[in-house]
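K.L.:
quick check, what structure comes out for this input:
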Amino acid sequence: MTTTSPSDVRPDPPHSPAASDDGSLAEFGYRQELHRSLGRYASFAAGFSFISVLTTVFQFFAFGYAFGGPVFFWAWPVVLVGQLLVAACFAELAARYPISGAIYQWSSRLSTPSFGWFAGWIMVIGQIVVVAAAALALQMVLPAIWSGFQLVGTDPSPVSPDGAANAALLGVILLVLTTLVNVVDNRVMSVINRVGVTAEIIGAVLIVVLLLTHSERTPGITFHTTGAAQSGLFGALAVGSFTAAYVMIGFDSAGEMSEETHNPRRTAPRTILTALGAAGLLGGLIVLGGLLAAPSLTDGHLGVDGLSYVLTSSLGDGVGKALLADVVIAIAVATLAIQTAACRMLFSMARDGQLPFSARLARVNPRTGMPSAPALVVGVLAAALLLLNFASPDAFLAIGTTCIVMLYLAYAMVTGPLLVRRLRGGFPSSGTESSGTESPGTDETGAPLFSLGRWGVPVNALALLYGLLMTVNLAWPRAAVYDPAGGHWYFQWFTVLFLLVSVGAGALYRWRSAQRAHSAEKPAPALPEPIR
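P.N.:
Numbering: from 1, shown residues only. From the prediction side, this is the model:
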C-alpha cells in the first residue's frame, strides 16, 4: 500500500475544521483533504440513512411475506443480533482506524494489503449495486401516491415488465440528483442527510403507532407460515430473512465518514452501534405492525404490494399517502448516503494508488471538500445496472440480493482477519493497551477506546460465523426465488456469477498491475558495443 509519508503531511491552516481535531490522519501517513465538519448526529445520520429502514422495509416486505408468510418476522431479531455482533467488531476498528474506506483500510491493516484490496474491491462494487437497488425502491411508493408517476405502461408492480421499466426510469432520475449533491459540498450533503433522517425517524414512529393502533389480529399470527411460498419453517425463515438482511447493512458508513467527523475515535463507534440499533428496532416494529394491520393475509396483495397496500388500505388514502411521501424522502436520502459511502471507498483506494485512474479519483476539490470523480463514476455505473430492469422484472430481485451478498462477504473479510489477529494476541483486549497499531489507546477526550474486552473472541467468532452462513444463504441459487418463471438460468445464478466475475476482474487487474510494476523495475538492456 503506497501512502503519503508522514513527513510529507502538510499541517492544516490554524483555523481550518481539521486543525482543531485529533490529527489522526497524520499518524497513518495521510493529509487532511476532506473537510472535517460532521458532528455526532451527522455521523449517526450517515449510518442510519444508508440502512434507511423505511426504504428497505417498504422495498422488501412483500418479498419476505411472499416467501416466508407471517413467520418471516422472526428472521428479523436473528439478523439484528447477528449484525450487532458484526457492528461491535467494527466499532472497535473505527476507534483505532478512523480512516475513509473503512472496510478496505481495516482489512488491509489486519491482514495483508492484497487481501484488503480485494475486500475493498468487493465492497465498493457491492455499494454501487446497493445504490442501484435503493433507487429502484421508488417504484414501490411513487405510483401508490399518484398514478402519474407510472411513466411507462400501466402496471405499477415491480415484478411486471411495465413496473420494472418504470422503476429503472425513476431510479435514473434520482441518481442524477444524488450525483449532483455528492459533487456540490459535504455540508450540503450533511444537511440533506440530517433533515432526511429526522423526517424518516418521525415518519417511522408514526407508522409504527398507527399500524399498531389499527391492528386486525394478534401477534400470535407471526407463528404461522400461511401463504408462504417456501415449504417448512426453515425454508420460510431462510428466504424470509432476505428482508432483514437487506435492511440491516451499511451501518459501517459512520466509519466511512471518519475523516469528515469531529472526534471520530469517540463518535464513530457509538454511531455505528446506535444507527444499527435504532434501525433494527424501528424496522422490526414496522414489520410487525404491517402484519397485524393488513386487511387480509390471504388476498394476495400483501405479497405483491407490501406495506404501501397496508398503509393506504388501513389508514385511508390521505394519511397513507402522506406517510408514503415521507418514505420517498427516505429513499432519496438513502440513495444519497449509499452513493457517498461508495465515493469515500473509491477515494480511499485511489489515494493509495490501488485503482485505475487513481490520480483522478483521489483528487479532492479544495473548495467543496468532495471527491467529484468518484461521485460521477458511482452514479454512471449504478444507472447502467438499472438498465437490467428493462431486460426483465427478475432483475429487481437479482440486483437486490447481489448487493447484500457482496457486502456480507466484504464484512467477513474484516471479521475473519480480526479474529485471527485476536487469537494470535495481536489485537488489544482493552482500549487502554497498545497493540502495535498506528493508533493510541485513548480517544480524543483521553478516554479508553471502545473495546469488547474479554468478550472480543467469542463475539468476533460468532460475527464471522453468522456472516458466512448468511452469505451462503443469500447466494444459494434457488430457482423458486430467482427464476420463478423458469427459462432464465442466468438470473438463478446471477449472484454467484456476478461475484465470480467481480473477483476475476479484480484478480486480472492486480496481475496486470504487478506485471507493469515488475517491468518498470527492470534495468534497461545494455546497448551493444559499436563496431570499430
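
K.L.:
please count neighbours and contacts with C-alpha atoms only from this point.
P.N.:
OK.

K.L.:
what residue ranges in the stretch 351-500 of the chain are flagged as low confidence?
P.N.:
Scanning the stretch 351-500 of the chain for pLDDT under 70 picks out the ranges 396, 428-440, 443-444.

K.L.:
what about the helices in it?
P.N.:
358-361, 372-386, 388-391, 395-423, 456-475, 479-482, 489-492, 494-521 (DSSP state H, counting those that start in this stretch).

K.L.:
cool, and the stretch 151-300 of the chain?
P.N.:
Going by DSSP H, counting those that start in this stretch, the stretch 151-300 of the chain shows helices at 161-184, 186-213, 233-247, 253-256, 264-293.

K.L.:
which of the helices of the stretch 351-500 of the chain has the highest mean neighbour count?
P.N.:
helix 395-423 (a mean of 23; mean count of other C-alpha atoms under 10 Å).

K.L.:
tilt between it and helix 233-247?
P.N.:
Angle, helix 395-423 to helix 233-247, by axes from the mean of the first three to the mean of the last three C-alpha atoms, to 10 degrees: 90 degrees.

K.L.:
name the helices or strands packed onto helix 395-423?
P.N.:
helix 75-96, helix 102-110, helix 113-136, helix 233-247, helix 388-391, helix 456-475, helix 494-521 (3 or more C-alpha pairs under 8 Å, 6 or more residues apart in numbering; DSSP states H and E).

K.L.:
for residue 50, which of the helices of the stretch 351-500 of the chain is the nearest?
P.N.:
Among the helices of the stretch 351-500 of the chain, the nearest to residue 50 by C-alpha to C-alpha is helix 395-423 (12.6 Å).

K.L.:
thinking residue 323 is in contact with residue 201, fair?
P.N.:
No: proximity of residue 323 to residue 201 does not meet the contact threshold set by C-alpha atoms under 8 Å, at 11.6 Å.

K.L.:
check contacts around the nearest residue to residue 114 once chain neighbours are set aside.
P.N.:
Closest residue to residue 114 apart from its sequence neighbours, by C-alpha to C-alpha, 6 or more residues apart in numbering: residue 108 at 7.2 Å. Applying C-alpha atoms under 8 Å, 6 or more residues apart in numbering to residue 108 gives the contacts 114, 115, 116, 117.

K.L.:
follow-up on the earlier one: okay, the helices of the stretch 351-500 of the chain in a markdown table with distance to residue 132 next?
P.N.:
Formatted as a markdown table, the helices of the stretch 351-500 of the chain follow (distance: least, C-alpha to C-alpha, whole Å):
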| stretch | distance to residue 132 |
| --- | --- |
| helix 358-361 | 21 |
| helix 372-386 | 5 |
| helix 388-391 | 10 |
| helix 395-423 | 8 |
| helix 456-475 | 18 |
| helix 479-482 | 18 |
| helix 489-492 | 17 |
| helix 494-521 | 15 |
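
K.L.:
wait, which of those is closest to residue 243?
P.N.:
Of all the helices of the stretch 351-500 of the chain, helix 395-423 comes closest under C-alpha to C-alpha, at 9.6 Å.

K.L.:
centre of the chain versus that closest one, how much separation?
P.N.:
On the basis of C-alpha atoms, centre = their mean, to the nearest Å, helix 395-423 sits 10 Å off its chain's mean C-alpha point.

K.L.:
what do you get for stretch 350-357?
P.N.:
Chain-centre distance of stretch 350-357: 22 Å, with C-alpha atoms, centre = their mean.

K.L.:
swap in stretch 82-97?
P.N.:
Computed by C-alpha atoms, centre = their mean, the chain-centroid distance of stretch 82-97 equals 15 Å.

K.L.:
equivalent analysis for stretch 124-140, please.
P.N.:
With C-alpha atoms, centre = their mean as the basis, stretch 124-140 stands 9 Å off its chain's centre.

K.L.:
and for stretch 456-468?
P.N.:
20 Å.

K.L.:
check contacts around the spatially most central residue of the chain.
P.N.:
The centre of the chain sits closest to residue 250, judged by C-alpha atoms, centre = their mean, with a distance of 3.2 Å. Applying C-alpha under 8 Å, 6+ apart to residue 250 gives the contacts 47, 50, 51, 338.

K.L.:
distance of the second one relative to residue 245?
P.N.:
So that's residue 50. Look at residue 50 and residue 245: by C-alpha to C-alpha, to the nearest Å, they are 13 Å apart.

K.L.:
those two: who's more crowded?
P.N.:
residue 50 (35 against 25; other C-alpha atoms under 10 Å).

K.L.:
residue contacts, that one?
P.N.:
249, 250, 251, 253, 334, 335, 337, 338.

K.L.:
so what's the fourth one up against?
P.N.:
Residues near residue 253 by C-alpha under 8 Å, 6+ apart: 46, 47, 50, 272, 341.

K.L.:
10 Å - rerun?
P.N.:
Residue 253 makes contacts with 43-51, 100-103, 268, 271-272, 275, 337-338, 340-342, 344, as judged by C-alpha atoms under 10 Å, 6 or more residues apart in numbering.

K.L.:
now do the first one
P.N.:
Residue 249 sits next to 47-48, 50-52, 83, 87, 130, 276, 403-404, 407-408, 411 when contact means C-alpha under 10 Å, 6+ apart.

K.L.:
go again with 7 Å.
P.N.:
Neighbouring residues of residue 249 by C-alpha atoms under 7 Å, 6 or more residues apart in numbering: residue 51.

K.L.:
quick check: it vs residue 426, distance?
P.N.:
Counting by C-alpha to C-alpha - residue 249 and residue 426 are separated by 28 Å.

K.L.:
for residue 262, same thing?
P.N.:
28 Å.

K.L.:
what's the closest non-adjacent residue to residue 157?
P.N.:
Using C-alpha to C-alpha, 6+ apart, the closest residue to residue 157 is residue 163 (5.0 Å).

K.L.:
isn't that neighbour up against residue 147?
P.N.:
No: in this structure, residue 163 is not within contact of residue 147 by C-alpha atoms under 7 Å, at 11.8 Å.

K.L.:
those two: who's more crowded?
P.N.:
A side-by-side neighbour count of residue 163 and residue 147, using other C-alpha under 10 Å, places residue 163 first with 25 against 12.
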